[in-house]
Structures are given as C-alpha cells and as structure tokens.
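Enquirer: this one's sequence-less:
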C-alpha cells in the first residue's frame, strides 16, 4: 500500500522522532533519511531486536516516536498517523509478543517522551538537517541530540558540520 505523504517536513519530523527515540533508548542506528523508497516516505535504519521485555518496550516506543514527534510539534493525531501503518504494525507485534498492553497506551507514552523540551529541540534540529541534507548518519544524530541537551554548543555543531562537509560525510 502506498504511503500518503503530507509534505517533506512532515516526513522529516517523523523520522527525526524515531532517531531521537533510538538515541534515548540506546538502540543502535546507522542513519535517518527522508529519501522515499519502497513505499516509504523516509526511513531510519536501526537495530530492530527485542530480545527481552525491556528491549521490546524500547522498540515499541521507538516505533511510535515518529507519530509522537508530529503530535509534539502540534499536528493532530489524525495527521500524525499518516504514514505510520508499518510502524504501528511492528509495534503491535512486539506488544502482543511481550504482552505489553495496547498500542494506544504506547502511543501516549511516546507522545510524553517526545513532548519533553530536550526532545522537541532534538527533533527540530534533526528534522532541519534532514531537510537540508536528506540523510544524516548516527554520529550526526548524536551530535544534534547533544546540542539539544546542552552538552554541545552551537559553535561546536558548526565546526562538526564544516568538518563533515569537508570530508564528504552526511
């Protein structure tokens, strides 16, 4: 089934939400992109393992984080759900496997996570970089989260990006 896309900014916020959740829950990721492929408006390549209940909970939150980032950015739940079918399907499979309750509860938990000020800042920074570059790797995501958390300065970010541009990284 084809994905209905609201716009590229919608996709960037959605994918940034996944990326932030992965960082917050220690889930390894390779990159995030807003380049469409195989019926998807964008993607985050990350470890999808849920080898125990805690990993399963982290994965469910991460699958719901794209939706939640859009809600935290002020979109209605109906608009935020656009493009989430596959995410929700994967989340439900884990919820059922580990008997974790229901999807609506996890969506609400993900919204709570994404509404934290540091996560709103991180999503905005990552979404802006996705819009500018179309793809960001895990190191780039981590630096942007560090800026949102106040652990890295905007000046250090500028130096980091200048270096990455010089060596040709995304």
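Expert: Here it is on my side, so go on. It should be emphasised that the depicted structure is a prediction, and the values quoted were computed from it without experimental measurement.
Enquirer: Would you check how far apart residue 149 and residue 73 are?
Expert: 19 Å (Cβ to Cβ, to the nearest Å). Heads up, the C-betas are built off the backbone N, CA and C, glycines and all.
Enquirer: Name all residues that make contact with the residue nearest to the spatial centre of the chain.
Expert: By Cα atoms, centre = their mean, the mean C-alpha position of the chain lies nearest to residue 18, the distance being 1.7 Å. By Cβ atoms under 8 Å, 6 or more residues apart in numbering, residue 18 lies in contact with 32, 44, 46, 62, 63, 65, 66, 69, 87.
Enquirer: That one - nearest residue in space that isn't next to it in sequence?
Expert: Excluding the flanking residues, the one nearest residue 18 by Cβ to Cβ, 6 or more residues apart in numbering is residue 44, at 4.3 Å.
Enquirer: How about residue 22?
Expert: Counting by Cβ to Cβ, 6+ apart, the residue nearest residue 22 is residue 29, at 4.5 Å.
Enquirer: Give the residue spans of the chain that score low on pLDDT.
Expert: Residue ranges of the chain with pLDDT under 70: 1-6, 39, 41, 45, 169-170.
Enquirer: The helix ranked longest in it: how far from the chain's middle?
Expert: Scanning the chain for the longest helix, with DSSP state H as the assignment, gives helix 53-72. Relative to its chain's centre, helix 53-72 lies at 8 Å (Cα atoms, centre = their mean, to the nearest Å).
Enquirer: what packs against the following helix or strand past it?
Expert: Moving toward the C-terminus from helix 53-72, the first helix or strand encountered (DSSP states H and E) is helix 77-80. Contacts defined by 3 or more Cβ pairs under 8 Å, 6 or more residues apart in numbering; DSSP states H and E place helix 77-80 against helix 53-72.
Enquirer: Buried residues in the helix it packs on, which are they?
Expert: For helix 53-72, the neighbour count (16 or more other Cβ atoms under 10 Å) marks 55-72 as buried.
Enquirer: circling back to that earlier point, in its sheet, which strands sit next to the strand or helix carrying the residue nearest to residue 18, and in what direction?
Expert: Using DSSP H and E, residue 44 maps to strand 43-46. Here strand 43-46 is paired, per DSSP bridges, with strand 29-33 (antiparallel).
Enquirer: Now do the strand it pairs with against helix 53-72, angle only.
Expert: Interaxial angle of strand 29-33 relative to helix 53-72 (axes from the mean of the first three to the mean of the last three Cα atoms, to 10 degrees): 20 degrees.
Enquirer: what's strand 29-33 in contact with?
Expert: Under Cβ under 8 Å, 6+ apart, the answer for strand 29-33 is 15-16, 18-19, 22-23, 42-47, 126, 130, 134-138, 141, 170.
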